[in-house]
Structures are given as structure tokens and as C-alpha cells.
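>>> Show me the folded form of this:
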Amino acid sequence: MSITLIVWMIFFFVCICNFSHADVGTASFYNPPYTPTACYGNDFSQFPSSNLFAAAGAGIWDNGASCGRQYLVRCISAAVPRTCIPGETIQVKIVDRAQTSVSRPTRGGVTMVLSNTAFRTIGRPPATSMNIELQQ
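The predicted model follows:
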């Protein structure tokens, strides 16, 4: 192989690796009541007007440092066929901790527990959990 081809192959590999900054995890959902939250207590101004918010699972809780973080989230697969809504990506704000949320999630041990509105924006019923791609 020529040196030019090797340089181009390395360049291509580096570019491909740099475009992937997302993580893969799991999500379930929870329903009201959403307060009080571990991040902001009973302050209703914590919730975005879009109702696209979430509770952080143990993997992203970061001792409370995740409060207020914004994540881009999309459904990538689920046990129930045709759960994911193709092309839908949402931005959610972390407002709570999944392990201590007032309303219990539909499935424990997930990366993120989405508000009912957030979950239904990227996934269809009757699914109660999904595999997600998330990017801060």
C-alpha cells in the first residue's frame, strides 16, 4: 500500500471515531406526581414547558451533579416491536434521581427515567422500556 492510502485510512478512522460522542443506555418512564424532586424539591419552574424531562439513573446521577443537565435522547430498540418512533430525538432536562423519585418508574435499574410525555415522544405504547442513545 502506498503511504498516501495509509494516511487517508488513518484520517478516515480518526474522523469516524470523533463523530461518535453518544452513549447507549436504557430508559423507562414515570407518571405524575413528579414532585418533590431530588434536584429542586417542590419548585414547579424546574420543569420545561415541553414536559420533556427525566430522572437520572445510577449511571448518570453523578452524586447530584446531573441535576439540570440536558441530554439528547433517541430510541434505538426495544423488546416490543415497532416501539421506536423513527427520526425522533428529544432534549430532556434531568430534574430528579430515579432511585428516589416519588412516582416509581415502569422498570428499575435503567439509565434514565423519562417523563411520560418524553417517553411517548420517542416510543409507542405498550412498551414500558427501551434502549436509548443519549448525548449530553
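>>> For this protein, just list every one of the helices.
3-19, 58-61, 116-122 (DSSP state H).
>>> among these, where is the model least confident on average?
Per-stretch mean pLDDT for the helices of the chain is lowest at helix 3-19 (a mean of 51).
>>> List the contacts of residue 93.
Counting by Cβ atoms under 8 Å, 6 or more residues apart in numbering, residue 93 touches 46, 47, 48, 52, 53, 54, 68, 69, 70. Just so you know, the C-beta spots here come from the backbone N, C-alpha and C atoms, and that holds for glycine as well.
>>> can you redo these as a markdown table with distance to residue 122?
Formatted as a markdown table, the contacts of residue 93 follow (distance: Cβ to Cβ, whole Å):
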| residue | distance to residue 122 |
| --- | --- |
| 46 | 21 |
| 47 | 18 |
| 48 | 15 |
| 52 | 10 |
| 53 | 14 |
| 54 | 12 |
| 68 | 21 |
| 69 | 18 |
| 70 | 15 |
